[in-house]
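Q: A predicted structure for the sequence below; I have some questions about it.
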Number of protein chains: 2
Amino acid sequence: MTALINVDLAKCYRLLNHGPTVLVTSASGGKQNVMAAAWAMPLDFDPPKMLVVIDKSTWSRELIEASGEFILNIPCRAQAAQVLKVGSSSGLQSDKFADSGLIAVAAQTMAAPRVAGCIGYLECKVINEPHNQQKYDLFIGEVVAAQADADVYSDGRWHFDGFDEKRSLHYISGGAFFSIGEQFNVE
Amino acid sequence: MTALINVDLAKCYRLLNHGPTVLVTSASGGKQNVMAAAWAMPLDFDPPKMLVVIDKSTWSRELIEASGEFILNIPCRAQAAQVLKVGSSSGLQSDKFADSGLIAVAAQTMAAPRVAGCIGYLECKVINEPHNQQKYDLFIGEVVAAQADADVYSDGRWHFDGFDEKRSLHYISGGAFFSIGEQFNVE
């Protein structure tokens, strides 16, 4: 069983600062979905805001617009095959949790599910910006809860050494990923 | 001497898809500047658009608003100390190129300089969105030219094996970085 720690909201940008690929989860009217997104990043520190691009063609888009909520789940290397699967199919046609083997678990603050086994979670309320949403498919979320896997996140930092299967994923294209690499310091 | 290849604009999102930290360069009225930004990502494929967060307190902000142009330079591990330096000082007080040792070289399409030795370049024209710029410090740029280092980018993909000093940088905080890690494929 993986232990999760609470992440200070004022520093939760650090979960995404190094540019990992995310899974976006959403729910509305008893339905839920999960999609992969390489285009997500922090927008502001405090109150913390995140950006994510959600295409109009996706079912997640409908659920997010209906509920005003989404979760950015940070998957890890052990989940790469499932991430690819939910990045290349639509929840309109099938149940992407069932198809991919990803498991939905309860979130802390919203109906949208979390994806079990991820290394970080950012639960977000949509800050409504209709122009950005319509013209650019761009959504802004204010983070209302953040947690991370205690094996790889502590003292406000990622620490992946010794946990290669929990390294964050950085999507390239065509089923190819990078996992995040060596940490080093400069002065 | 590093050879640069032209990157197909419709696929230039791939330069940023895996979430590297960038150097933002700008120029106006004979002045130029460089700053580090961890918060940059693709927004659209074709025509290609990029997002970057540029704080109101920065001198780069003035140069970008005056010129309507900026370049996202993708630095590499060999440049980490300089990236940290230009991420923690202001061009209002001093010449950040001279202070950091980074070298400005001519761009293809605009007065803003490129940073020599980077592994990728995205030359961007600002798509004016005053509300985003004022409220969120968020800038949208349409990419008008893109090049990458032929040692590590070919066939539309990054290939860092054998070039550890040219791996992309992914900033954490406090002088700590990740370099991008192993590439792998899933089906």
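A: That came in fine, so what should we check first?
Q: make it CA atoms for all contacts and neighbour counts henceforth
A: Noted.
Q: got the residues of chain A near chain B?
A: Within chain A, the positions lying close to chain B (Cα under 8 Å from any Cα of the partner chain) are A:14, A:17-21, A:38-44, A:53, A:80-81, A:84, A:136, A:138, A:157, A:170-173, A:175-187.
Q: Among those, which are located in strands?
A: Judged by DSSP state E, the subset of these located in strands is A:40-44, A:53, A:138, A:157, A:170-173, A:176-185.
Q: Filter those down to the buried ones, ChimeraX style.
A: Filtering these down to the buried ones (16 or more other Cα atoms under 10 Å in any protein chain shown) takes a single ChimeraX command:
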select /A:40,41,42,43,44,53,138,157,170,171,172,176,177,178,179,180,181,183
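Q: residues in contact with A:G19?
A: Taking Cα atoms under 8 Å, 6 or more residues apart in numbering or on different chains, we find A:G19 in contact with A:40-41, A:170, B:18-21, B:170.
Q: If you could redo that for A:A38, that was the one I meant.
A: A:20-22, A:170-171, B:17-18.
Q: which of those sit farthest apart?
A: Of all pairs drawn from the contacts of A:A38, the greatest distance, 11.8 Å, lies between A:V22 and B:N17 (Cα to Cα).
Q: The two: which has the busier surroundings?
A: The neighbour comparison of A:V22 against B:N17 (other Cα atoms under 10 Å in any protein chain shown) goes to A:V22, with 29 against 23.
Q: Excluding chain neighbours, what is closest to the more buried one?
A: A:I74 (4.8 Å; Cα to Cα, 6 or more residues apart in numbering or on different chains).
Q: Could you check how far the one you found is from chain B?
A: With the distance defined as Cα to the nearest Cα, to the nearest Å, A:I74 ends up 13 Å from chain B.
Q: who's that residue bridged to?
A: Beta-bridge pairing for A:I74 (DSSP bridges): A:G120.
Q: Do I have it right that it meets A:Y121?
A: Yes: the pair A:I74 / A:Y121 is scored as a contact, 6.3 Å apart, by Cα atoms under 8 Å.
Q: Tell me which of those two has more neighbours.
A: Neighbour totals were compared for A:I74 and A:Y121, and A:Y121 leads with 29 against 25 (other Cα under 10 Å).
Q: looking at it, that one is touching A:R114, isn't it?
A: Yes: A:Y121 lies in contact with A:R114 (Cα under 8 Å); the separation is 7.4 Å.
Q: got any residues that touch both of those two?
A: Counting by Cα under 8 Å, 6+ apart, the contacts common to A:Y121 and A:R114 are A:71, A:73.
Q: per-residue pLDDT, A:G91?
A: We have a pLDDT of 75 for A:G91.
Q: ok, how many other residues are close to it?
A: By other Cα under 10 Å, 18 other residues sit near A:G91.
Q: Now for the closest residue to A:K85 other than its chain neighbours: which residues touch it?
A: Distances taken as Cα to Cα, 6+ apart put A:S100 closest to A:K85, at 6.1 Å, once the chain neighbours are dropped. Neighbour list for A:S100: A:82, A:85-86 [criterion: Cα under 8 Å, 6+ apart].
Q: Quick one: buried ones out of these?
A: Neighbour counting by 16+ other Cα under 10 Å classes A:82, A:85-86 among the contacts of A:S100 as buried.
Q: now, among the residues you listed, which is nearest to chain B?
A: When the buried ones among the contacts of A:S100 are compared for distance to chain B (Cα to the nearest Cα), A:K85 wins out at 8.3 Å.
Q: Show me where chain A has its helices.
A: Applying DSSP state H to chain A gives helices spanning A:59-67, A:80-87, A:96-100, A:130-136.
Q: got those as a markdown table, with distance to B:E69 and mean pLDDT columns?
A: A markdown table is the format used below for the helices of chain A (distance: least, Cα to Cα, whole Å; pLDDT from 0 to 100):
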| stretch | distance to B:E69 | mean pLDDT |
| --- | --- | --- |
| helix A:59-67 | 31 | 97 |
| helix A:80-87 | 33 | 94 |
| helix A:96-100 | 41 | 92 |
| helix A:130-136 | 20 | 98 |
